[in-house]
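**Q** structure of the sequence below:
(chains A, B, C and D)
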2 protein chains.
Amino acid sequence: MRRSRAPLDVLPAPEAANEMTDRERASSHPAAEPPSGVRTRSQLQRRRRIVQAAAALASRGGIEAMQMRTVAERAGVALGTLYRYFPSKMDLVVAVVGEELDLLERSIERRPPSAPTPAGKAADVLMRAARGLMREPELADALIRSLIITEVSTPFAERVSTLLLRVAAGLPREEITEDRLALAGALTAAWVMELLEMLRGRRTYEQMTRHIELAAERLFAGL
Amino acid sequence: MRRSRAPLDVLPAPEAANEMTDRERASSHPAAEPPSGVRTRSQLQRRRRIVQAAAALASRGGIEAMQMRTVAERAGVALGTLYRYFPSKMDLVVAVVGEELDLLERSIERRPPSAPTPAGKAADVLMRAARGLMREPELADALIRSLIITEVSTPFAERVSTLLLRVAAGLPREEITEDRLALAGALTAAWVMELLEMLRGRRTYEQMTRHIELAAERLFAGL
DNA sequence: CAGCTTTCTGGAACGTGTTCTACTTTGCTG
DNA sequence: CAGCAAAGTAGAACACGTTCCAGAAAGCTG
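**A** Predicted coordinates:
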């Protein structure tokens, strides 16, 4: 019986750069809930230290190495505090993934895909992300599986799909229709599965590339 | 450190249709494949009781209700025995899913999809499966997530993909190429994700149907 | 049937995620 | 500054998957 409550924030939102700012009187509400923005600088730092420690641990030994006690210790906080920031291990994983995604988005911005067609661009983006993830296979595996499993709200797939539509198909946000999102979602889903297969050693990089290109060609044709 | 060893069988093989009816003396077929095949009648029954108990428990309360101790108790075996049959909870889940898949395959055989195009047929099959799974949402959710996560060998996606190619595209096994499998795999992946979204209440049945049809049309065009 | 091996059993024990408790520290706010 | 609630701390405790163990039961095999 562990529901995912978020006393501080926890959301994987790309609002990482959220410097502590204002704050309202504590009284205001009897324990409102999730939102409640970050409070002090030290809390921001604590949060950062935690996520950092978690990522570091996970990048060796995967998720099993990322034990809550160890993370707490390494981040220099008490176990209870860790749980105040991240009500479950999954929430922590989600936060780590969020940062990875930020990284990817920035990387894409810096160097947009060069392929001529939308399909080509999409495959390009996805395979670049795959390469990035494969640099830390343990972490990647753990993260992806965790994400799929979690009940914690994770706009992961949607974030990737939207990214694809924007950067590969060159669609401005307004032109992202449900149908298009569905197609991009299918491609994202295929990508995730292929990635998992590769991580499990059941796909070579070449196979995965081919499969993604094949699917992208069909799903992104005419976009 | 828990490796998945299978002392008896454990494979999600489609050999489920074993009615407890007649059971030839253990000898009959030397039960080839996995390590030591199933042995005696009582072992078969034990295995069946376990899977049954597991499925029953999981269909209420999902996977969390399917606790190893409870399963063991309910199946009338000792915990140690349960672990002899299924070296990990995941193996048990895989077995349960295997049975569900058998059910689906039989259902498809009984009443093949009627749509005219391969794409239509594929969507038909997938949505039928979805409806079936949605009858036990807790179970479905738990099973799917577990399957994706598991390291236990799970030809789940491949099984579904192959089924699609055979029944929707009418391809005999020999004509199932890697490229075709990749396309079917993409559709399967999209289906799985949509299913998860629906189970989480983030999709309506209608949305999912549309998305799957959309993806199927493109991925199965010209098959 | 005796002797051996394999399987089962009940139950203890271990590891790790999660929760709880009692206490201290921090950061206000009147 | 005194008071107070929120946030943090150390550490025990709990839950459940998993492992181990010693002994009983079941199956062979000679």
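
**Q** distance from the helix or strand bottoming out on mean pLDDT in chain A to the middle of the chain?
**A** Least confident helix or strand, chain A: helix A:137-149 with a mean of 77, by mean pLDDT, DSSP states H and E. Relative to the chain's own centre, helix A:137-149 is displaced by 10 Å; criterion: Cα atoms, centre = their mean, to the nearest Å.

**Q** hmm, it touching DNA strand D?
**A** No - using Cβ under 7 Å from any atom of the strand, helix A:137-149 never reaches DNA strand D; the gap is at least 13.9 Å. (Glycine included, C-beta is placed from N, CA and C.)

**Q** helices and strands around that helix, which ones?
**A** Packing contacts for helix A:137-149, counted by 3 or more Cβ pairs under 8 Å, 6 or more residues apart in numbering or on different chains; DSSP states H and E, involve helix A:41-59, helix A:62-65, helix A:89-110, helix A:118-134, helix A:178-199, helix B:137-149.

**Q** and A:L101, how far from A:I144?
**A** 12 Å (Cβ to Cβ, to the nearest Å).

**Q** where in chain A is pLDDT low?
**A** A:1-39, A:149-154 (pLDDT under 70).

**Q** surely A:S59 meets A:P137?
**A** No - assessed by Cβ atoms under 8 Å, A:S59 is found out of contact with A:P137, at 9.5 Å.

**Q** so between these two, which is more surrounded?
**A** Between A:S59 and A:P137, counted using other Cβ atoms under 10 Å in any protein chain shown, A:S59 has the larger neighbour count: 18 against 15.

**Q** residues from chain A in reach of chain B?
**A** A:145, A:148-149, A:151, A:157, A:178-179, A:182-183, A:185-190, A:192-194, A:196, A:200, A:207, A:210-211, A:214-215, A:218-219, A:221 (Cβ under 8 Å from any Cβ of the partner chain).

**Q** buried ones among the residues you listed?
**A** A:145, A:148-149, A:157, A:182-183, A:185-190, A:192-194, A:196, A:210-211, A:214-215, A:218-219 (16 or more other Cβ atoms under 10 Å in any protein chain shown).

**Q** among the helices and strands packed on helix A:137-149, which is nearest DNA strand C?
**A** Closest of the helices and strands packed on helix A:137-149 to DNA strand C is helix A:89-110, at 3.4 Å (criterion: Cβ to the nearest atom of the strand).

**Q** mind saving the C-alpha coords of the closest one as CSV?
**A** Provided in CSV are the C-alpha atoms of helix A:89-110 (Å, rounded to 0.1, in the frame of the first residue of the first chain):
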residue,chain,number,x,y,z
LYS,A,89,12.1,4.5,-5.5
MET,A,90,10.2,4.9,-8.7
ASP,A,91,9.8,8.6,-8.2
LEU,A,92,13.5,8.8,-7.9
VAL,A,93,14.0,6.9,-11.0
VAL,A,94,11.6,9.1,-12.8
ALA,A,95,13.5,12.1,-11.7
VAL,A,96,16.7,10.7,-13.0
VAL,A,97,15.1,9.9,-16.3
GLY,A,98,13.8,13.4,-16.5
GLU,A,99,17.3,14.7,-16.4
GLU,A,100,18.5,12.3,-19.1
LEU,A,101,15.7,13.6,-21.3
ASP,A,102,16.6,17.2,-20.7
LEU,A,103,20.1,16.2,-21.8
LEU,A,104,18.8,14.6,-25.0
GLU,A,105,16.6,17.6,-25.8
ARG,A,106,19.5,19.9,-25.4
SER,A,107,21.7,17.7,-27.6
ILE,A,108,19.1,17.7,-30.3
GLU,A,109,18.8,21.4,-30.2
ARG,A,110,22.5,21.8,-30.5
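
**Q** list the contacts of A:L181.
**A** Applying Cβ atoms under 8 Å, 6 or more residues apart in numbering or on different chains to A:L181 gives the contacts A:E158, A:S161, A:T162, A:L165.
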